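S.K.: Provided below for reference: sequence and predicted model.
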Amino acid sequence: MNIAFRRGGPLRASLATRFGNMAPYIGQVLGFEDRTGGRVRLITVEYKYTLGFEASDEPLLRWEYVRTRPDGARRPWCRHHLQGGVTLPLGDGVTLNDFHLPTGYVTIEDIIRFCIVDLGVAPLSEEWNTILDESYEQFKRGFVTAPTPMPPSGKKYRPKLKRRR
């Protein structure tokens, strides 16, 4: 995982999966919309989450979103999509990179859950599922104006939110 800060370089992380060590990348570009009373609302302009083996420069899987397709895009591909260097049984040399497989909005919590459940990454807490559900709810409540869908785990719960005074 590379984490870059305004005044520093990227940090590297490694995930020990049941398939070997993988290098995650989580990147987001945020913008804002002006609101009344001098307030602003953060919006996601684009995101890119990738997973790949540490020994490879190319990601195995790449979840991407772009709010606005670039001018001159050849085709009107799905703005929320999955791509990757995975060979598909559709012909000679066809990979997932040849498609923009629709995904819907993918959150950081979704990627972490995938790493724990499907890739066998050891969670840092026994309460990881609840922590991810609460984080997802806080994100939806704080940054999205549409009705909040059920969390990815399918479990209803009451998040523990700090009250402001």
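M.R.: Right, received. Where do you want to start?
S.K.: residue 47 touches residue 30, doesn't it?
M.R.: No. Under the criterion of Cβ atoms under 8 Å, residue 47 is not in contact with residue 30, lying 9.3 Å apart. C-beta: built from backbone N, CA, C; applies to glycine.
S.K.: with neighbour numbers in mind, choose between these two.
M.R.: Neighbours were counted for residue 47 and for residue 30 using other Cβ atoms under 10 Å; residue 47 has more, 21 against 11.
S.K.: and the next element down the chain from the helix or strand harbouring the more buried one?
M.R.: Assigned by DSSP states H and E, residue 47 falls within strand 40-53. Counting by DSSP H and E, the next helix or strand C-terminal to strand 40-53 is strand 61-66.
S.K.: other SSEs contacting the next helix or strand after that following strand?
M.R.: Counting by DSSP H and E, the element after strand 61-66 in chain order, helix or strand, is strand 80-83. Here strand 80-83 touches strand 61-66, strand 101-102, going by 3 or more Cβ pairs under 8 Å, 6 or more residues apart in numbering; DSSP states H and E.
S.K.: buried residues in the top helix by length along the chain?
M.R.: Among all segments of the chain classified by DSSP state H, the helix with the greatest residue count is helix 128-143. Buried residues in helix 128-143, counted by 16 or more other Cβ atoms under 10 Å: 128-130, 132-137, 140.
S.K.: give me the angle between the strand holding residue 47 and helix 128-143.
M.R.: 140 degrees (axes from the mean of the first three to the mean of the last three Cα atoms, to 10 degrees).
S.K.: partner strands of strand 40-53, parallel or antiparallel?
M.R.: According to DSSP bridges, strand 40-53 forms sheet pairs with strand 20-34 (antiparallel), strand 61-66 (antiparallel).
S.K.: average model confidence for it?
M.R.: When pLDDT is averaged over strand 40-53, the result is 89.
S.K.: and it, C-alpha only, in CSV?
M.R.: Output of strand 40-53 as CSV, limited to C-alpha atoms (Å, rounded to 0.1, in the frame of the first residue of the first chain):
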residue,chain,number,x,y,z
VAL,A,40,-18.6,22.1,2.0
ARG,A,41,-19.4,18.5,1.1
LEU,A,42,-16.5,16.2,0.1
ILE,A,43,-17.1,14.2,-3.1
THR,A,44,-15.1,11.4,-4.6
VAL,A,45,-13.7,12.5,-8.0
GLU,A,46,-12.0,9.2,-8.6
TYR,A,47,-10.6,6.2,-6.8
LYS,A,48,-8.3,3.4,-7.6
TYR,A,49,-7.7,0.3,-5.4
THR,A,50,-5.3,-2.3,-6.6
LEU,A,51,-3.9,-5.7,-5.4
GLY,A,52,-1.0,-7.4,-6.9
PHE,A,53,1.9,-9.7,-6.0
